[in-house]
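Student: Okay, sequence plus prediction incoming.
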Amino acid sequence: MRTTSDGLPDLLRPDGTPVRVLVVDDELDLVEVLSAVLRYEGWEVRTAADGAAAVSAAREFHPDAVLLDIMLPDIDGIEVLRRLRAEAPHVCVLFLTARDAVEDRIAGITAGGDDYVTKPFSLEEVLARLRGLLRRAGRARATEGNRLIVGDLVMDEDAREVTRGGELVELTPTEFELLRFLMRNPRRVLSKAQILDRVWSYDFGGQAHVVELYISYLRKKIDAGRSSLIHTVRGVGYVLKP
């Protein structure tokens, strides 16, 4: 996996979560190989073996990119693309095709496909094309060193600096560690017990209110006058998400 020095995948969605790719092809062996390679990149992968399943999966999965075979057993890839773009106009689509005629390539691009690769292809070529599409479309960003990014909130772990919307946010050491734990687990609900164990490194003997207190401190500094990033899940804990 391509990673940064802190072990994160080197390409993430703008909100800091893994890139999502939908692989659509009726060649099961090929789908298995592509899925394995994409997961090795640290990306989330869903698969579909026909057009109808692809449209259904896209509605549920909300992929950032789709690897789409033109020749499918029910409806062709160009029709699948039309249906996908009707609901998600900005999703990146890379056509996979055994056809090498110029007119077929033109048809795919004219229909709205972003790029294509002709079978047989190298896995590195597919990855390179996907990565380029995702970056150009703004669907993914490169992870920069030891920086954590969730929405417009940025933490430089080495410099121990935090900014929100480009403005510096002054944090105490404990507030910084609490925010770092939240930012390393975006969109994941963390319980008070988990936070106590990770940030304070020991059990406060039932004094979970200390977490509530420091969450309130963070909210005043991070969320005051802005859209909320720190959310309470009643009876469960807290989650950081755009």
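Tutor: Ah, there it is.

Student: Would you tell me what the next helix or strand after the helix or strand of the chain with the lowest mean pLDDT is?
Tutor: Least confident element among the helices and strands of the chain, by mean pLDDT, DSSP states H and E: strand 141-142 (a mean of 64). Elements were assigned by DSSP states H and E; along the chain past strand 141-142, the next helix or strand is strand 147-150.

Student: And stretch 125-133, how far out from the chain middle?
Tutor: Distance, stretch centre to chain centre, for stretch 125-133: 16 Å (Cα atoms, centre = their mean, to the nearest Å).

Student: Return it as PDB; C-alpha atoms alone will do.
Tutor: Output of stretch 125-133 as PDB, limited to C-alpha atoms (Å, rounded to 0.1, in the frame of the first residue of the first chain):
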ATOM      1  CA  GLU A 125      -2.100   1.300 -15.500                       C
ATOM      2  CA  VAL A 126      -5.600   1.000 -14.000                       C
ATOM      3  CA  LEU A 127      -4.400   2.400 -10.700                       C
ATOM      4  CA  ALA A 128      -2.600   5.300 -12.300                       C
ATOM      5  CA  ARG A 129      -5.600   6.200 -14.400                       C
ATOM      6  CA  LEU A 130      -7.900   6.000 -11.400                       C
ATOM      7  CA  ARG A 131      -5.600   8.100  -9.200                       C
ATOM      8  CA  GLY A 132      -5.300  10.800 -11.800                       C
ATOM      9  CA  LEU A 133      -9.100  10.900 -12.400                       C
END
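
Student: Give me the contact list for that stretch.
Tutor: With contact meaning Cβ atoms under 8 Å, 6 or more residues apart in numbering, stretch 125-133 is reached by 11, 21, 34, 37-38, 41, 65, 67, 92, 94, 114-115, 117, 139-140. To be clear about C-beta, it is placed using only N, CA and C from the backbone, and glycine gets the same treatment.

Student: Backbone dihedrals for Val236, both of them.
Tutor: Geometry field for Val236 lists phi and psi as phi -120, psi -60, criterion degrees, to the nearest 10.

Student: ok now do it, which residues does it touch?
Tutor: Residues counted as contacts of Val236 (Cβ under 8 Å, 6+ apart) are 189, 191.

Student: re the thing from before, in strands, which of the contacts of stretch 125-133 appear?
Tutor: Secondary structure assignment by DSSP state E places 11, 21, 65, 67, 92, 94, 115, 117 of the contacts of stretch 125-133 in strands.

Student: mind checking how far the fourth one is from Ala54?
Tutor: Spelled out, that is Leu67. Leu67 sits 10 Å away from Ala54, going by Cβ to Cβ, to the nearest Å.

Student: likewise the first one?
Tutor: Taking Cβ to Cβ as the measure, Leu11 and Ala54 are separated by 23 Å.

Student: Compare these two and say which is more crowded by neighbours.
Tutor: More crowded of Leu11 and Ala54, by other Cβ atoms under 10 Å: Ala54, with 29 against 21.
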